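> build the 3D model from these lines:
(2 chains)
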Amino acid sequence: MVVPLPAPLEPGPAPLDRVPFQAEPGLSPAWLDRTADRATQAGILLVFGWHTTTAYARDPVAEVVAVLKSRLSLDDVVWWRIETALSESVANALTHGNLGLSSHDRASGDFNAYVEAVEAALADPVKGQRPLMIAVRLIDDPRQAIRTLLIEIAEDGAGFIPDATLKTVAESDGAGRGITLIRELTDEARYSPDGRTLRLRFQL
Amino acid sequence: MNHAVTITGDAAEITITGRLTFKFHKEYKDFLDELLKNKVAKFIFDLSGVEFIDSAGLGMLLIAKQKAQGQNAAIVLRKPPENVKRMLQVAKFDKIFDIED
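Numbering: from 1, shown residues only, chains lettered A, B, ... in the order given. The predicted structure is shown next:
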């Protein structure tokens, strides 16, 4: 199955290879290495894809971060920001996007109901098979000695249009915490117009 | 996410290892239901083996606190590693939880 990549929100300094989305049983490390080896010096494009049920069974965030750590040297706090923002983004894309669940109440009784709702949605043949894609670009600008890490997280559900009035993480409660964390930890976080692709930017 | 529980006198010590994230909601719910059958005065969560926690993980800790309080039990978070400590501080959980190093 070949699914077009979400269109990059701005052109990069080097041509990008369009990489097919590999269907189940998943991406092999050899495939990822071949993909990375085709990249030019000015940018590395890595694309990851999973169906929602697979994303829950495996650990997409840990997989992406492990590949990035093998290619980039950054300090611990920066890795923590990247991994946390990515984890929040993926959680939203899967639960709110692909599975179509609304933010759950943190009260104990509703927590149990929420867990049941997740299981039911994962078992739904349409929702459970919706794709999650993560595309990573590293852009080197030698003139300014700046490196930009772009991570795009794309889902195929209802999309998400965030509330413009975001509080800080400490003030927000319940489900709003994820979005506010993303904003605090990234240099920029922007949704595509349909709300299905979230692009995170980290200046390194 | 893995967990082990030890009851010593009036306290339950829970060792959680691995990643405390949204994908473990179900496992956590099942584990918490079992845990709360212990009517102890104190629940101590040893977080030293937690590699990573997301906002869902923060929510899971909050739910543990609410349920513990519902049983008149105290809750303590012990030895959070650097990553986890950072997250607890960003969320100001150090103001609402008893955290021991």
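
> please tell me I have it right and B:Asn2 contacts B:Leu20.
No. At 10.6 Å, B:Asn2 and B:Leu20 do not qualify as touching, with contact defined as CB atoms under 8 Å. To be clear about C-beta, it is placed using only N, CA and C from the backbone, and glycine gets the same treatment.

> so those two - more neighbours on which side?
Each of B:Asn2 and B:Leu20 has its neighbours counted (other CB atoms under 10 Å in any protein chain shown); B:Leu20 has more, 25 against 12.

> hmm, who's touching whichever strand or helix holds B:Ile75?
Using DSSP states H and E, B:Ile75 maps to strand B:74-78. With CB atoms under 8 Å, 6 or more residues apart in numbering or on different chains as the test, strand B:74-78 has contacts from B:41-48, B:61, B:64-65, B:68-69, B:88, B:93, B:97-101.

> am I right that A:Pro193 is in a helix?
No. Checked against DSSP: H, G, I helix; E, B strand; the rest coil, A:Pro193 lies outside a helix; its state is coil.

> neighbours of it, how many?
The burial count for A:Pro193: 8, using other CB under 10 Å.

> from A:Gly159, how far out is it?
Distance from A:Pro193 to A:Gly159, counting by CB to CB, to the nearest Å: 9 Å.

> got it, and A:Leu198?
10 Å.

> show me what from chain A comes close to chain B.
Listed as neighbours of chain B in chain A under the rule CB under 8 Å from any CB of the partner chain: A:56, A:59, A:61-62, A:76-77, A:80, A:83-84, A:87-88, A:91, A:94-95, A:106-108, A:111-112, A:114-115, A:118-119, A:169-170, A:174, A:177-178, A:181, A:184.

> so among those, which ones count as buried?
A:56, A:59, A:61-62, A:80, A:83-84, A:87-88, A:91, A:94-95, A:106, A:108, A:111, A:114-115, A:118, A:169, A:177-178, A:181, A:184 (16 or more other CB atoms under 10 Å in any protein chain shown).

> list the buried ones in the longest strand anywhere in chain B?
Secondary structure of chain B per DSSP state E: the longest strand is strand B:42-53. Within strand B:42-53, the residues that qualify as buried are B:42-47, B:50, B:52-53, counting by 16+ other CB under 10 Å.

> filter those by proximity to chain A?
Among the buried residues of strand B:42-53, chain A is touched by B:Phe52 when using CB under 8 Å from any CB.

> between the buried residues of strand B:42-53, which is closest to A:Leu101?
Nearest to A:Leu101, judged by CB to CB, of these is B:Ile53 at 20.7 Å.
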